[in-house]
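Colleague: predicted model follows, preceded by the sequence.
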Amino acid sequence: MTNERAEIDRDSISITKDTVTVSAPPPSPSKGHGERPSMSAVSDPPERPSLTLSEAAEACGVSRSTIRRKHEAGEFPNAYKAGPDNAWRIPVTDLLGAGLKPGRPSPPDPVSELDERVRAATVTLPKAELDALREQLHNERTRALVAEARLSERAETVDALKEALSEARQRAIEAAPAVQLPATQVIDVRQSPEAPTRRWWGGRRKTPPSP
């Protein structure tokens, strides 16, 4: 079995606004039987047209965090470091394999945009302003604790006053003299004598008949 290695020169790729054209040169002569291709192709910049993370983001129309997230997820297996700053470079073929379209803007990634906004807000916030916010938060928490302690003390005072008032009322009731109420006479109407009822005809005298 013969293993062949395709060589792609930097001049063989053309990136325009709408298309990406990759022209592969003829395959190199076959190597000896049983030999494996060298892994140096992954880290050899001249053999693969590549872009930095920022260049790839600009070419694909996405944020740099999207490219970085895909790179950290392993979607660019042939990425390598090169240059004096030892920056990562991503082959264009890896970008295409990851579903990106160099030369044409990709749909926005809402998660990446939000991540960029949060990171920018965190980085651009002045330290003095951050310290002031922390101090303000500390003061608010302290005032809340003091107010809670005062409310607890007032509740205890109210309970003590209620208890003292209840005891004072009880002592006043116990110290008050007994009041003698006057005796009242109750007449039972049912047992009182009743006047005899006089009939209306009982007062008429009978007149004897004349002879």
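Modeller: Now that the structure is in, tell me what you want to look at. Numbers count the residues shown, from 1 in each chain.

Colleague: any idea where the helices of the chain begin and end?
Modeller: Listed from the start of the chain, the chain has helices (DSSP state H) covering 53-60, 64-72, 92-97, 110-124, 127-175.

Colleague: ok, of these, where does mean pLDDT dip lowest?
Modeller: Per-stretch averages of pLDDT across those put helix 110-124 at the bottom, with a mean of 58.

Colleague: quick one on the thing from earlier: nearest to Asp85, of the helices of the chain?
Modeller: Distances from Asp85 to each of these were compared by CB to CB, and the smallest falls on helix 53-60, at 11.9 Å. Where you see a C-beta, it was placed from the backbone N, CA and C, and this is true even at glycine.

Colleague: which elements pack onto that closest one?
Modeller: helix 64-72, strand 87-91, helix 92-97 (3 or more CB pairs under 8 Å, 6 or more residues apart in numbering; DSSP states H and E).

Colleague: can we see that at 10 Å?
Modeller: The elements that helix 53-60 packs onto, with contact taken as 3 or more CB pairs under 10 Å, 6 or more residues apart in numbering; DSSP states H and E, are strand 50-52, helix 64-72, strand 87-91, helix 92-97.

Colleague: out of the helices of the chain, which comes closest to Tyr80?
Modeller: Across the helices of the chain, the minimum distance to Tyr80, taken as CB to CB, is reached by helix 92-97, at 10.3 Å.

Colleague: cool, thanks, signing off.
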